[in-house]
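Asks: here is a sequence with its predicted model. Questions after.
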Amino acid sequence: MTAEAFTERLVLGTAQFGLAYGINNTLGRPTDAVLQHILTDAHAAGVPLLDTAAAYGDSEARLGHWLSKQPTGAFELVTKVGAASAAEVLSSVQASLSRLQQPQVYGVLFHDFGAFQQQPEAWQGLLAAQAADYTQRIGISLYHPWQAEWLLEHGYKPQLLQVPYNVLDQRFAALLPHLANAGIEVHGRSAFLQGLLLRPLHTLPSFFEPLRPKLVQMRAMLAEAGIPLEAGLLLFAATAPGMARVVIGVDSPENLQANLAAGAYLAQVEQLREQLQALAEPTDTYILPYAWPTQR
């Protein structure tokens, strides 16, 4: 893979455009000027896709405002809606398109698998949105491998799934090639585990103290190979076998440039893949942010 091909695998996440998001976020929501700078730089660099959601504060509306001033097709978009009745789902997709000021998006996902499982008729709403040419691909954002297996076992045919994947959380590793072979495009998220993997170790909250040996080992491994921490983490997720794209979250233009620069370290990270794979954390409590205590 070339550095250019790596950039084409990136998806710019936009939760932080509408919310103060992430364990390391000290800047809050970016200003309009910063947001425009980030989007302009991402477009110029060749990042092809934005990831947003109706639940991300005013992210969709802010993106729509910027996109309305750009040439058609500046970015493709993936958004997420809640599971509800088929009619409500279709209405939600239409509302997202209105906020985004777009006639169509690349993908629409259900935000929560549990809510979808309780209202399976919601799938008909996504199918209707696809039939109306509002979206090219439909699917769900998942947290657990068993959820993907459940979808396939029950006859659903998602074309797009989003899953967590990082050096500590490799639960989807064995499943990714099978999903790719089935024609399902998988987008990885949480390459930095909501910023935890980038956090200076002297500021590590006590809750995560059991992870310290692995975090120290990971940093030493990458440093010895001359790979910046951010680049190593991002490339590990982006080049996982079966992974189509990876979502990055940035809160400044400088943050974006650091992500884009990772492509220069492709070969070095691939040589370390097996060693990094050995750092997989088996304890869900540490790798699933929803299981983290509020006071860490």
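Replies: Alright, I've got the coordinates. Since the structure is predicted, the reported quantities are computational estimates derived from the model, not experimental observations. Numbering: from 1, shown residues only.
Asks: between the two ends of stretch 169-184, how far is it?
Replies: End-to-end span of stretch 169-184 (CA to CA, to the nearest Å): 20 Å.
Asks: give me the buried positions along that stretch.
Replies: Judged by neighbour count (16 or more other CB atoms under 10 Å), stretch 169-184 contains these buried residues: 169-173, 175-176, 179, 184. (Each C-beta comes from the backbone N, C-alpha and C, glycine too.)
Asks: what's the average pLDDT for that stretch?
Replies: Stretch 169-184 shows a mean pLDDT of 97.
Asks: which residues are contacting it?
Replies: The contact list for stretch 169-184 (CB atoms under 8 Å, 6 or more residues apart in numbering) reads 139, 144-145, 148-149, 152, 158-161, 163-165, 186, 190, 193, 240-244, 277, 280-281, 287-288.
Asks: closest to His43 among the buried residues of stretch 169-184?
Replies: Ile184 (27.1 Å; CB to CB).
Asks: counting by contacts, list what the helix or strand that Trp150 is a member of packs against.
Replies: Per DSSP states H and E: Trp150 is located in helix 145-153. Packing contacts for helix 145-153, counted by 3 or more CB pairs under 8 Å, 6 or more residues apart in numbering; DSSP states H and E, involve no helix or strand.
Asks: check what contacts it and list those residues.
Replies: Helix 145-153 has contacts (CB under 8 Å, 6+ apart) with 113, 117, 140, 142, 158, 161, 163, 171-172, 174-175, 179, 182.
Asks: Three-state assignment for Gly139, please.
Replies: strand (DSSP: H, G, I helix; E, B strand; the rest coil).
Asks: that one contacts Lys157, correct?
Replies: No. The criterion here is CB atoms under 8 Å, and Gly139 misses it with Lys157 at 9.3 Å.
Asks: tell me which of the two has more neighbours.
Replies: Each of Gly139 and Lys157 has its neighbours counted (other CB atoms under 10 Å); Gly139 has more, 26 against 13.
Asks: circling back to that earlier point, so which of the buried residues of stretch 169-184 sit within strands?
Replies: Among these, no residue falls in strands (DSSP state E).
Asks: Ala122: which of the residues you listed is nearest?
Replies: Ile184 (18.7 Å).
Asks: separation between that closest one and Phe208?
Replies: Between Ile184 and Phe208 the computed distance is 32 Å (CB to CB, to the nearest Å).
Asks: same deal with Gly73?
Replies: On the measure of CB to CB, Gly73 and Phe208 end up 42 Å apart.
Asks: before we move on, back to that, in CSV, list the buried residues of stretch 169-184 along with distance to Arg29.
Replies: CSV is the format used below for the buried residues of stretch 169-184 (distance: CB to CB, whole Å):
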residue, distance to Arg29
Asp169, 26
Gln170, 31
Arg171, 31
Phe172, 30
Ala173, 34
Leu175, 34
Leu176, 33
Leu179, 33
Ile184, 33
